[in-house]
Structures are given as structure tokens and as C-alpha cells.
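Participant: Any chance you could fold what I've pasted below:
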Amino acid sequence: SNSNSDPVVLERLEGGVEPSQITLAVQRLIDAPEGVIAAAADANNNHNGTATSTPGPKDPQQALNEKLGRLIRGDTVMLFMKGTPTAPRCGFSRQAVELLNENGVPFGSFDILSDEDVRQGLKTYSDWPTYPQIYVKGELIGGLDILKETAAEGSLKEQWEIDECALSAKESLESRLEKLVKRNKVMLFMKGLPSAPRCGFSRQIVEILDKSGVPYDAFNILEDEEVRQGLKTFSDWPTYPQLYVNGELVGGLDIVKELQESGDLEDTLKA
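Facilitator: Residues are numbered from 1 along each chain as shown. Reported below is the predicted structural model:
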């Protein structure tokens with residue numbers, strides 16, 4: 001069929017036409033690919049003045065699905081669990097962590113107790129109703145029972161075809177980031193240095209920290225692209241500057257401002 005004329009099919013069906021024309025038009029829609037039908041609907045909406053060239057706000061479900069897609073691809077092996085690997089909040093999650101560690105599989109994790117939207121949304125997204133959930137290279141492997149069965153059959157790394165070289169490089173970066181965030185009790189990752197900030201947000205946070213009188217160290221993320229990109233994933237925080245205390249992320253400029261305004265900043269920095 002000639003898909004170039006399909007966008008006008010919907011419009012023509014609204015007017016008075018011969019039955020044979022309707023039959024032909026419907027058959028063309030049936031035969032048309034989904035993309036062509038969508039284009040026809042869009043064209044009809046535009047013709048009737050019900051759509052504009054400016055896209056509307058993103059659908060909440062679409063936004064959630066995009067977030068879930070990013071999360072499950074956040075690491076080669078991703079574990080969605082209750083709690084964290086160092087502090088599991090249920091027995092099944094604890095067993096999953098132990099199995100992955102026993103097999104020497106480096107993995108990223110997400111605490112589903114920290115985000116109810118992710119907790120509920122992932123069940124539908126992957127059609128898997130329980131936790132923990134294990135993903136490898138963005139694909140769902142399953143839950144604890146499947147992980148146990150897979151581990152009983154042999155090396156998880158071999159079965160999941162995990163590249164040892166890639167893992168070693170990732171481990172090296174993660175190890176470096178762990179050391180960097182703990183390099184000083186108060187650690188600031190910024191654009192530029194305290195003596196010469198390279199962006200307004202970094203300048204503002206430096207001014208706040210200087211005013212507090214609490215000693216801190218800083219790292220210029222503009223000098224190391226690997227750290228700049230890696231730290232975003234490491235701490236699940238997409239922007240800079242980033243402030244850490246005792247190796248734990250406090251947040252960015254807005255959170256530091258809030259702490260300053262509430263009078264809690266000094267206590268946070270000295271914790």
C-alpha cells in the first residue's frame with residue numbers, strides 16, 4: 001500500500017464517502033505499519049488544531065520507565081534489593097549478596113526501600129513481582145531461586161559472559177572513587193579549585209564552606225573525565241558540585257544552602 005497518503009485516511013473517513021472508499025481506507029490502515037498509523041493520527045490531530053509543535057510535559061509513566069531503564073543498566077550486574085549490600089534488610093536480599101560475593105561478581109545495587117516508585121514500577125516493568133531482582137547487562141535474570149540454580153550449575157561469570165578485563169577496569173575506578181571521597185573528612189568535588197572556581201555553583205559552595213571555617217579538601221573534576229563521569233554513577237548524583245562527609249554524599253549546592261539556612265551545616269560537616 002502507498003503509505004504516503006495514509007495520514008489523510010482518518011480525515012477522509014469523517015466526511016461523506018462511498019462505502020467502497022471506506023472499505024479501501026480501513027484495509028489500508030490494517031495493512032499499514034504501526035508507525036504509519038501513529039503518523040496518521042498525529043497528522044489528523046495537527047489538522048484539527050489539537051496538537052502543537054511544542055511537546056507537552058513528559059508522561060509520568062514514560063519518565064519512570066526511562067528511569068528504570070537507566071537503573072537496570074547502571075552496572076554490568078545490578079541487584080535490586082531491600083537495603084544495601086553492607087546492610088541488607090531481608091534474608092532473601094542477604095542471600096543474594098552472599099552468592100554474588102562468593103562468586104566474585106562485582107555488582108551495583110539499588111535499595112528499593114528508598115524509592116517506592118521504583119519498587120512498584122520495576123515489578124510491572126520486568127513482570128517480576130518479588131525482590132531481590134538480578135539484572136545482567138540490562139536483562140532480567142530473575143530472583144534468588146534462579147540465582148541459586150545458576151550458581152549451582154557453575155561460575156556465574158562464565159554463564160553470564162562477564163568480561164574480566166572490563167570488570168577489572170570498573171573495579172579499579174570504583175576503588176579509586178572510594179578512596180577519593182574519603183581522602184578528607186570533608187571532600188568537595190567541584191569545577192575548578194577553591195582558589196579558582198570554574199562555575200558559579202562551585203563558587204557559591206566554596207564561599208559557604210569557607211564561611212563555616214571547617215577544613216575541607218577539593219577535587220577538580222574538570223581535570224579527570226573518568227572521575228567526573230564515574231562519580232555520577234558511583235553516588236547516583238548527576239550534577240556538580242558534590243560534597244561528601246566521612247565518605248558519604250551530603251548533596252549539591254541546594255542541599256548545602258538548606259543546611260546553612262537551617263543552622264545544621266556545621267554539625268553536618270563535623271559529624
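Participant: switch to C-alpha atoms for all contacts and neighbour counts from now on
Facilitator: Will do.
Participant: which residues in the stretch 151-271 of the chain form strands?
Facilitator: Ranges of strands in the stretch 151-271 of the chain, per DSSP state E, counting those that start in this stretch, are 186-190, 192-193, 196-197, 217-220, 242-245, 248-251.
Participant: Quick one: mean pLDDT over the third one.
Facilitator: So the one you mean is strand 196-197. In this model, strand 196-197 carries a mean pLDDT of 92.
Participant: and what of the fourth one?
Facilitator: Throughout strand 217-220, pLDDT has a mean value of 91.
Participant: name the helices or strands packed onto it?
Facilitator: Applying 3 or more Cα pairs under 8 Å, 6 or more residues apart in numbering; DSSP states H and E, we find strand 217-220 packed against strand 186-190, strand 192-193.
Participant: out of the strands of the stretch 151-271 of the chain, nearest to I141?
Facilitator: strand 248-251 (30.5 Å; Cα to Cα).
Participant: Give me the contact list for that closest one.
Facilitator: The contact list for strand 248-251 (Cα atoms under 8 Å, 6 or more residues apart in numbering) reads 181, 235, 237, 242-244, 256.
Participant: That one pairs with which strands, and in what direction?
Facilitator: strand 242-245 (antiparallel) (DSSP bridges).
Participant: Span of stretch 214-225 from start to end?
Facilitator: 28 Å (Cα to Cα, to the nearest Å).
Participant: part of a helix, is G74?
Facilitator: No. Read with DSSP: H, G, I helix; E, B strand; the rest coil, G74 is coil and lies in no helix.
Participant: Filter the contacts of strand 248-251 down to the buried ones and express that as a ChimeraX selection.
Facilitator: Per 16 or more other Cα atoms under 10 Å, the buried members of the contacts of strand 248-251 correspond to this ChimeraX selection:
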select :181,242,243,244,256
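Participant: which of the contacts of strand 248-251 lies closest to K82?
Facilitator: Distances from K82 to the contacts of strand 248-251, taken by Cα to Cα, are shortest for S235, at 17.7 Å.
Participant: which sections of the protein are below the confidence cut-off?
Facilitator: Applying pLDDT under 70 to the chain flags the ranges 1-58, 164-171.
Participant: now with 80?
Facilitator: 1-58, 74-75, 162-172 (pLDDT under 80).
Participant: Could I get the full set of helices for it?
Facilitator: Secondary structure of the chain, counting by DSSP state H: helices at 9-14, 19-31, 34-47, 60-72, 91-102, 116-125, 144-152, 156-159, 164-181, 200-212, 225-234, 253-262, 265-269.
Participant: could those helices go into JSON lines alongside distance to M187?
Facilitator: Listed next are those as JSON lines, based on distance: least, Cα to Cα, whole Å:
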{"stretch": "helix 9-14", "distance to M187": "61"}
{"stretch": "helix 19-31", "distance to M187": "61"}
{"stretch": "helix 34-47", "distance to M187": "50"}
{"stretch": "helix 60-72", "distance to M187": "26"}
{"stretch": "helix 91-102", "distance to M187": "29"}
{"stretch": "helix 116-125", "distance to M187": "30"}
{"stretch": "helix 144-152", "distance to M187": "37"}
{"stretch": "helix 156-159", "distance to M187": "35"}
{"stretch": "helix 164-181", "distance to M187": "6"}
{"stretch": "helix 200-212", "distance to M187": "11"}
{"stretch": "helix 225-234", "distance to M187": "13"}
{"stretch": "helix 253-262", "distance to M187": "13"}
{"stretch": "helix 265-269", "distance to M187": "10"}
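Participant: Many thanks, have a good one.
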